[in-house]
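> Sequence and predicted structure, then a few things I'm wondering about:
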Amino acid sequence: MSPLLCLLLLAVLALTVSSQEFVPNVPEECLKTGVCEDLPDYPTERVDAIIEELGPALDKYEVEDLDASETLSRAGDEDQDLCESRRRTMMPRAARDKDGNWHYVLNQRTKPVLSFIVEICNPVDSPCANVAHFYTGYEASCKQKFTYRNSPTLDAGGAMVERQLLFPSCCSCQYRQTNE
């Protein structure tokens, strides 16, 4: 093989390896919710450098927090939900896009770039509350609903790219017709 062809092959191989450097290795528990807050291979140094470089340009992303007053007002509601769920603040570090591909989210634990309140089914596919009655031939269960949010992410080469990612939004009692 000629030296020029060897160099060309090495360059292609180097580009392939470097383009796969910033693709998350997603733990099993994250696959259930579609979001990861803890990743053993999170590229903290690269993310911190981008956040420092972009500075105030990242202020456009939401940083929400579930405060005590909101928790108390929901706990005192007379209306009851048909599905058991829990609300909490989420600071994502990886999430899926509409095609199911996982991406690192630019975020820091000490100074979040993106955080928001989510409602997560407890557990998914559990039966709806007993007060909900359906005609014979129908059944109902609690389903996790998702919403898209614009999010700062890393592309495979390590540059910041804004993408729409899927995040949990609420838990909903859904019914379907059975063949009974």
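Alright, I've got the coordinates.

> buried stuff in stretch 97-115?
Neighbour counts over stretch 97-115 (16 or more other CB atoms under 10 Å) mark W102, H103, Y104, V105, L106, N107, P112, V113, L114, S115 as buried. From N, CA and C alone the C-beta is placed, and that goes for glycine too.

> Next: stretch 145-153.
So, applying 16+ other CB under 10 Å, buried residues of stretch 145-153: F146, R149, S151, P152, T153.

> partner residues bridging the closest residue to the third one other than its chain neighbours?
So the one you mean is S151. With CB to CB, 6 or more residues apart in numbering as the criterion, S151 has its nearest non-adjacent residue at 4.6 Å, and that residue is L165. Counting by DSSP bridges, L165 is bridged to D97, R149.

> one step back: okay if I get the buried residues of stretch 97-115 as CSV plus pLDDT, distance to P40 and secondary structure?
Formatted as CSV, the entries for these read as follows, by pLDDT from 0 to 100; distance: CB to CB, whole Å; DSSP: H, G, I helix; E, B strand; the rest coil:
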residue, pLDDT, distance to P40, secondary structure
W102, 96, 14, strand
H103, 97, 17, strand
Y104, 97, 13, strand
V105, 98, 16, strand
L106, 97, 18, coil
N107, 97, 16, coil
P112, 94, 20, coil
V113, 96, 20, coil
L114, 95, 20, coil
S115, 94, 21, strand
